[in-house]
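Novice: dropping a prediction and its sequence here:
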Amino acid sequence: MLMKISVVVASYNYANYIEETIQSVINQTYSDWELIIVDDGSTDNSVEIINKYCNQDNRIRLYTHPNHENKGLKETLLLGISKSTSDWVAFLESDDMWREDYLEKKVEIANKYPEVGFIFNSVEYIGSQRRVKDYYYAFKDRLDQLSELTYPRSMFKDLNVSNKILTFSSVMVKKNLLKKEYFNTPVDKLLDWYLYINILFDTLVYYLNEKITVWRVHEGSYISNKAKSRHIFVHIIAYLDVYKRNKTNKSLLIFAMHSLFLSIISVICEYIRLYSIIYIRKIKKRLGLPLRESPLFDD
């Protein structure tokens, strides 16, 4: 069954990348889509570039906030979703790309499993060799875990310690699941983790173990900036908010407390690991040993 897909792109100062992003949608083998780009007050020439494509293809539309304000990711995504006209929304970050068969594969899954409301996939990393290597090892365990599960399945409880859905650019979701209150994250840069937990309480998930999203990792990327807010337990707040809306389900509160405990243990272990590295480095310096002889400091 054919279905129209609304592609929502939040744009902000990625003039160097936005053309590749838009072109990756135009190149899709599945052509029944609309591309909704919301610019969040860019100060570079992003809008000029986007308008060029709008004039060439009537499936592409550009929106901005009043007075070209910068309102942040939440309001930008909500505006894009409000302008969408189809039952499914696929997100694409303005510095990422899709493989040509991205939408075709996602639509095939949506048709095969009507009970599924959330579909995501594996990713290919691009960027500097060092950063790609770092990201590969940082997320390898999460992706390995996902590949071992059977789908469709519920994943509501699978995000209780870490966000296994690595980028918005891998997500396609039924529009009726994107409720406004699900965007009320306490940290704008961690909106994705908060949003996913709220959505996944309401639907089954399908994970496609194929690298059909090209995820650009660089210093100015969304995930790089998110790291500054890691200490805030956004996922715990998300689980508690789900409980507030479903207070008859006492197991939700128990699960939220269990997740808090696991998160505290995880943070403690991370601090122990980091401080161990720091002190090993100090000892090696004091002894005059080359730091790079240790795998902890391998470039």
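Specialist: Structure received. In this text, all values refer to a predicted model and were calculated from it rather than measured experimentally.

Novice: shaky segments in this structure?
Specialist: Applying pLDDT under 70 to the chain flags residues 219-232, 248, 250, 252-299.

Novice: for it, which segments count as helices?
Specialist: Taking DSSP state H, the helices of the chain run over residues 18-26, 46-56, 73-82, 102-112, 129-147, 191-200, 222-226, 234-245, 250-287.

Novice: neighbouring contacts of the second one?
Specialist: Under the contact criterion Cβ atoms under 8 Å, 6 or more residues apart in numbering, helix 46-56 has outside partners 11-15, 18-19, 22, 26, 37, 39, 60-62, 64, 94. C-beta here means a position set from N, CA and C on the backbone, and glycine is covered the same way.

Novice: then the third one?
Specialist: Applying Cβ under 8 Å, 6+ apart, the set of residues contacting helix 73-82 from outside is 6, 8-10, 12, 36-38, 40, 63, 65, 89, 91, 175, 178, 180, 183, 185, 188-189, 191, 222.

Novice: from these, which would you call buried?
Specialist: Buried subset of the contacts of helix 73-82 (neighbour count, 16 or more other Cβ atoms under 10 Å): 6, 8-10, 12, 36-38, 40, 65, 89, 91, 178, 183, 185, 188-189, 191, 222.

Novice: narrow those to those in strands?
Specialist: Of the positions in the buried ones among the contacts of helix 73-82, 6, 8, 9, 10, 36, 37, 38, 89, 91 sit in strands, assigned by DSSP state E.

Novice: and the fifth one, what is it in contact with?
Specialist: To tie it back to what came earlier, the one meant is residue 36. 6, 7, 8, 9, 61, 63, 80, 83, 84.

Novice: closest to residue 203 out of the ones in strands among the buried ones among the contacts of helix 73-82?
Specialist: Using Cβ to Cβ, residue 89 comes nearest to residue 203 of those, at 13.3 Å.

Novice: outline the domain layout of the protein.
Specialist: 5-230, 251-297 (automatic domain parsing).

Novice: out of the contacts of helix 46-56, which comes closest to residue 200?
Specialist: Nearest to residue 200 among the contacts of helix 46-56, counting by Cβ to Cβ, is residue 94 at 24.9 Å.

Novice: how many residues are close by that closest one?
Specialist: 26 (other Cβ atoms under 10 Å).

Novice: shift numbering so it begins at 24
Specialist: With the count now opening at 24, the last piece we talked about shows up as residue 117.

Novice: roughly how far does it sit from residue 33?
Specialist: Per Cβ to Cβ, to the nearest Å, residue 117 is found 7 Å from residue 33.

Novice: residue 184 too?
Specialist: 27 Å.

Novice: do residue 124 as well
Specialist: 24 Å.

Novice: and for the closest residue to residue 124 other than its chain neighbours, the neighbour number?
Specialist: With Cβ to Cβ, 6 or more residues apart in numbering as the criterion, residue 124 has its nearest non-adjacent residue at 5.3 Å, and that residue is residue 52. Using other Cβ under 10 Å, residue 52 has 11 neighbouring residues.

Novice: thought residue 52 was touching residue 127?
Specialist: Yes. Residue 52 lies in contact with residue 127 (Cβ atoms under 8 Å); the separation is 4.9 Å.

Novice: how close does the residue nearest to residue 122 when sequence neighbours are not counted get to residue 78?
Specialist: Once flanking residues are discounted, residue 122 sits nearest to residue 235: 4.3 Å by Cβ to Cβ, 6+ apart. According to Cβ to Cβ, residue 235 and residue 78 sit 29 Å apart.

Novice: compare these two (neighbour count), which wins?
Specialist: More crowded of residue 235 and residue 78, by other Cβ under 10 Å: residue 235, with 20 against 9.
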